[in-house]
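>>> Sequence unavailable; structure follows:
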C-alpha cells in the first residue's frame, strides 16, 4: 500500500516531465529557429510511441502466456459504443498516416527521414493501441504493479503529447490559412513565412494529401485525448479491487430510450441542421470579398446568439424542475465526482478567458464594424450558457444516482454500464457508494452488522411516481437538446469556423501575438469542454 | 445542503470570471494598445477592492451588533505567527502605497487620477483586510451562507487578481531593466518603449520612489497570495461544523523545538548565507561588463548545483529513513491531503517546463558560452530536486500524523494548531480522520457502536521507541535544512537574480517572445512553490 502511493506520485511526475519535455520541444519548433527542427520533435514522439508499443507487446504477451490466471475486470470502463467510436477515429487517423506517407514520397528529396518514420510508427501505434483498448482496457492490474504503473502513465502522457502536437499543428495550419486569406482580402500585409518543404512535389497527389490532412485533424486530436482519458482511468484502477455488482448483470431489459422525447430532439436536430448550414456558408463566404466576409461573421454571431439563448434557457428550465423536486439529492462526498466537476469547470476557463477578452475588445474598439454589438452579446451569452450548463450537469450527476436507485432498479444495469470515459465519477463512484451506505447506518447509530444490505436503501413514497413523470420527461428533453447543442458547438470550431480569428476586433485591442496565444490556449480547451459535456450529458440521460 | 452545493458552484464560477475579466484587461494593457490603458485596469481592481471593503464592513458590523451570539471558530486556521507575518508584509505594502502616492504627486500633471485613487483604496483595503484577518478569519459562517459565500469568494479572487497584477507589473519592470542592461552591455539593440509618464517630475523624490517600489514588490505579491489562500480556507469552512478537540487545548508544554538539531540548521544557515552573498555579487556584476556578466552567471549556476545537490541528497536521505521504518503509514483517503499534494505537484509544473526548455536550449545551442554545461546540469538537478522534495513532503504529510498520535500524544496540540495556510490538509483532515476510524471498525466487522472511541487506535510496540529516536533526529535535520534551502531558492528569484533572462541560451532557441512568455508563467509559480514548500515543511517539522 505504501509502495503504491509512492509509485503513484513518482510515475505521475515521470509522465508530467515527459509531457513537458515534449512541450519544450514544441515551443522551440514553434519559434522556427535554426536549432530545433520539426524532425527533432517527431523523433522524440516516435521514441515515446515505440516505448509504448514495446510495453503493450510485453503486457499482451504476458497476458497470453498466463491465460489461465483469472483477471479482475472493471466492467464499467470502456463500453462497446465508446470503443467503437474510438475505432472509427483510429481508422481516420490511419488514413491520415497514409496521406502523410504519400506526401513524403512526393517530397522525399527534401524531407527528413523522421517525417516518414513518424507516420509509420504512428500507424503501428494506432493499430496496437486499438487492439489493447478492445481487449485490455478493463483490466485491473495486480501484478508487477510498479512497472505497469509506469507503463500505463507513459501511454497516457504519450497520447496527451500527441494531442498537444495535433492541436498545435492544427492551429498553426489554421493560422497560416487565415493569414493567407487576410492578405488576399487586402486587410493586412503579413509576410507568410513558408516552413514547408523546399522542393517541388514529384507526384501529382501532394496538394490533395496536404489539403485532405486538414479535415482529418479534428478526429485525430479527439482520438488521442479520448484514449488518454481511458488509459488514465486504467491507471487509477491499478491495484484496486473490482466491486462486482452481480445483480446488475442478471437482467437487461431493452427499454425504448426515446419514450417521452418530443421537443428536445426536434429542436436539437433543427439546431444541428442550421449549424451545418452556417458552417458551410461561413467557410465559403468568409474568404470571398470583404462584404461577404462581414456578413458571414454577422450570420455566425446571430446563429450563435439564438442557439446559446435556447441552450441557456433549457439549462435554466432543467434547474427549475430540479428546484420543484423536494427529494433530497445525493450529497455524499465522492472524490471522483468532485474530479468530474473540476474538469468541467476547469475546461470552461479557456472559453471564459476568450469571451472576456472579446467583451473587452468589443467594448473599447475604435473601428466599429457592424457586428460589434452582436459579438459582445454572443460572448456574454457564451459565458452565461457555460455557467448554467455546468450547474445543470453537476446537479444532474448528483441527482440521477438517487433517481436510478429508487425509481427503476431493474434498469440500473444500463445506467451503470455507461460512458465513463470522460466522466470519471460513475466509473469510480461505486466503492464510495458502498461506504456511504455504511456511513449512513453508522451515523444513525443503527448498529447492525453491514453484511446484508437492504436492496432499496431509502423507500420513496409511491404516490410521487406520477408527478415525477413530467419532471423526468422535461429533464430528458432538456438533456437531449443540450447534447445536440453541444455537438453543434463542437462542430463549428472543429471544422474551421472561428470568427475570433476573422473579426479583427480582438487583434486591434490585444495585438496579433497575444490574441493568437490566447486562442491557442482556449480553442483546444473549448473543443475538449464540448466533448466532455456531451459525454457527461449522455451519462445523465442514461440514468434518467 | 442542496442550496449549499449550488451556491458553492455558482460562487466559484463568479469568482473565476472576475479573475478572468481582470486577466483580459491585463492582457490588453500588456499590449500597450491605444484602447485599454493602465487606468482602466486599475479602476476595475479598485472597484473590486471597494466591493470587498464594503462586504468586510458589513460583516464586521453584523458581528459587532450581535456580539452575544456564540460563534464557532476553526481553531486550526491562521495561527498567530502566520498572522504576524502577514501583518509585516501588509506594512510593507502600505509603504509601497505611500511611495505610489508620492510618485503621483510628482507626476500629477500627466497622470490619470485612477493612479492615485488606486493606492489610496489599496491602503484602506490592506488595513481593513488585516483587521479582518486578525479577528474573523477563524469564523465558521453559519448565517446568510449564500451571501457570505459570494463575499468571501469575491475577497479570494480580488486578492488573486492583485497577485496577478503584482506579478505582471514586477515581471514587466524586470524585463525593462533587463533590456536596458542588455543594450548597455552592447548585446542587443532592443528599442525600449517607454510607457512611463510623459512629463518631468516636479519633486525630487520621484526616482527614489520608483526604484524603491521595485524592492517592495516581492512582499506585496506574497502578501496577496497568502491572504487569498487563507480566505479560501475560510470559504471552504462556510456551513461546516467545527470539530472541537478539547483534550488538545488542555495542556501545552513548551518543549524546546531545537532538540536533536545539529547538521541540518548549520548546513542550512551556510546555504542561506552563501545565497545572500551570491545574490549581492550577482546583482552588482551582471550589469557591469561582459566578462563579469558571464562570470556572475557561472557563479550562480555553480552555487545552485551545490545547493540543489545537497537538497536532493537530503530529501533522498529522508526517504531512505522512511523506508527503514516498518510502521505502516497512514494511507487513508483524504480529499484535502490530496489537494495539498496536487498544489505541490501543480506548482512544480512551471519550473519543470522552464527547466526542460533550458535543457533543450543548452543541448542544441550553436553559440557555446562557458556556462553551457553547468546550465544544463543545473536544470536537470532542479527537476530532480523538486521531484525528490515533492515525494519527501508528501510522504511526510502521510506519516507524521501517525507519529504524532502514537509517539507523543501530549505534544499533539502544537502539532494541530500549526500553519495551515498553504497546507490545506491539516486544517481539513480532522473530520475525515474520525470517519476513517469508524470505517476501519466497520470493515473489520467489529460491530460495536462507535460511541466510545479508543484513545490510542493502534498501539505500537514500546520497544521501538528507542530506534525511532535517530530516525526522528535525521528527519528533523533534513526538514530544517530543506526549509532553509527553499528559503534561499525563494530569495534569489524574488530579488532579481534570474539568470534565465541573462544567459542568452534560451533566447536563441525559443526567441524573445516565447521565452518571456514561458518565464512569465513559470516565475510566479516557482516563487509560490518555494513558499508552499516552506510552509508544508514547517508543518512537517512541527509534527515531528
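Happy to help now that I have it. Only a predicted model underlies this, so the values are computations on that prediction, with no experimental measurement involved.
>>> tell me the secondary structure for residue A:374?
Here residue A:374 takes the helix state, with states given by DSSP: H, G, I helix; E, B strand; the rest coil.
>>> Quick check: closest non-adjacent residue to residue A:150.
Nearest non-adjacent residue to residue A:150, counting by CB to CB, 6 or more residues apart in numbering or on different chains: residue A:11, 5.0 Å away. Heads up, the C-betas are built off the backbone N, CA and C, glycines and all.
>>> ok so that neighbour is a helix residue?
Yes - according to three-state DSSP, residue A:11 belongs to a helix.
>>> Verify the contact between it and residue A:147 for me.
No - with contacts counted by CB atoms under 8 Å, residue A:11 stays clear of residue A:147, the gap being 9.8 Å.
>>> The two: which is more packed in?
Neighbour comparison, residue A:11 and residue A:147: the larger count goes to residue A:11, with 23 against 15 (by other CB atoms under 10 Å in any protein chain shown).
>>> ok now do that one, which residues does it touch?
Each residue near residue A:11 by CB atoms under 8 Å, 6 or more residues apart in numbering or on different chains is listed here: A:146, A:149-150, A:153, A:235.
>>> How about residue A:52?
Contacts of residue A:52 by CB under 8 Å, 6+ apart are A:125, A:129, A:151, A:154-155, A:158.
>>> Which helix or which strand is home to the residue of the stretch 401-544 of chain A found nearest chain B?
Of all residues in the stretch 401-544 of chain A, residue A:511 sits closest to chain B, with a separation of 4.2 Å (CB to the nearest CB). Secondary structure from DSSP states H and E places residue A:511 in helix A:505-543.
>>> can you give me the helices in the stretch 101-250 of chain A?
All helices of the stretch 101-250 of chain A, identified by DSSP state H, counting those that start in this stretch, fall at A:114-136, A:145-185, A:206-237.
>>> tell me what the longest one is packed against?
Looking back up the chat, that one is helix A:145-185. helix A:2-30, helix A:38-65, helix A:206-237, helix A:499-502, helix A:505-543 (3 or more CB pairs under 8 Å, 6 or more residues apart in numbering or on different chains; DSSP states H and E).
>>> which residues of the stretch 201-350 of chain A fall in strands?
Secondary structure of the stretch 201-350 of chain A, counting by DSSP state E, counting those that start in this stretch: no strands present.
>>> Flag the shaky bits of it, pLDDT-wise.
For the stretch 201-350 of chain A, residues meeting the criterion pLDDT under 70 lie at A:242-260, A:326-339.
>>> now do 90
A:201-222, A:225-265, A:283-295, A:321-347 (pLDDT under 90).
>>> the bottom helix or strand of chain A by mean pLDDT?
In chain A, no helix or strand scores lower on mean pLDDT, DSSP states H and E than helix A:412-416, which sits at a mean of 36.
>>> Just give the closest residue to the residue of the stretch 401-544 of chain A closest to chain B, not the sequence neighbours.
residue B:31 (4.2 Å).
>>> do residue A:279 as well
Residue A:279's closest residue in space is residue A:497 (CB to CB, 6+ apart), at 5.2 Å.
>>> residue ranges of the helices in the stretch 251-400 of chain A, please?
Under DSSP H, counting those that start in this stretch, the stretch 251-400 of chain A gives helices at A:263-285, A:290-324, A:335-364, A:372-407.
>>> nearest to residue B:174, of these?
helix A:335-364 (24.2 Å; CB to CB).
>>> Please identify the buried residues of that closest one?
The neighbour-count check on helix A:335-364 (16 or more other CB atoms under 10 Å in any protein chain shown) flags A:335-341, A:343-345, A:347-362, A:364 as buried.
>>> ok, that helix near chain B or not?
Yes - against chain B, helix A:335-364 shows contacts by CB under 8 Å from any CB of the partner chain at A:335, A:338, A:341, A:345, A:348-349, A:352-353, A:356-357, A:359-361, A:364.
>>> Same question for stretch A:516-530.
Yes - for stretch A:516-530, a contact with chain B is found by CB under 8 Å from any CB, at A:517-518.
>>> What mean pLDDT does that stretch get?
For stretch A:516-530, the mean per-residue pLDDT is 88.
>>> What lies in contact with that stretch?
In contact with stretch A:516-530 (CB under 8 Å, 6+ apart) are residues A:163, A:167-168, A:171, A:175, A:218, A:221-222, A:225, A:344, A:347-351, A:353-354, A:357, A:386, A:486-487, A:489-490, A:493-494, A:498, A:500-501, A:510, B:27, B:517.
>>> For it, which residues meet the burial criterion?
A:516-520, A:522-530.
>>> Over to stretch A:141-154?
For stretch A:141-154, using 16+ other CB under 10 Å, the buried residues are A:141, A:146, A:148-154.
>>> count of residues packed around residue A:60?
Residue A:60 has 15 nearby residues by other CB under 10 Å.
>>> isn't it right up against residue A:139?
No - using CB under 8 Å, residue A:60 makes no contact with residue A:139, being 10.7 Å away.
>>> Need the residues touching each of the two.
Joint contacts of residue A:60 and residue A:139 (CB under 8 Å, 6+ apart) do not exist.
>>> OK, contacts around the closest residue to residue A:290 other than its chain neighbours?
In this structure, residue A:290 finds its nearest non-sequential neighbour in residue A:185, 5.9 Å apart by CB to CB, 6+ apart. Taking CB under 8 Å, 6+ apart, we find residue A:185 in contact with A:287, A:289-290, A:293.
>>> Same list, the contacts of residue A:52, but as a markdown table with distance to residue A:306 and pLDDT please.
Listed next are the contacts of residue A:52 as a markdown table, based on distance: CB to CB, whole Å; pLDDT from 0 to 100:
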| residue | distance to residue A:306 | pLDDT |
| --- | --- | --- |
| A:125 | 43 | 95 |
| A:129 | 41 | 94 |
| A:151 | 49 | 93 |
| A:154 | 46 | 95 |
| A:155 | 43 | 95 |
| A:158 | 42 | 95 |
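>>> what's the burial count for the nearest residue to residue A:40 once chain neighbours are set aside?
In space, residue A:40 comes closest to residue A:25 once its chain neighbours are excluded; the distance is 6.4 Å by CB to CB, 6+ apart. The number of residues packed near residue A:25 is 24, by other CB under 10 Å.
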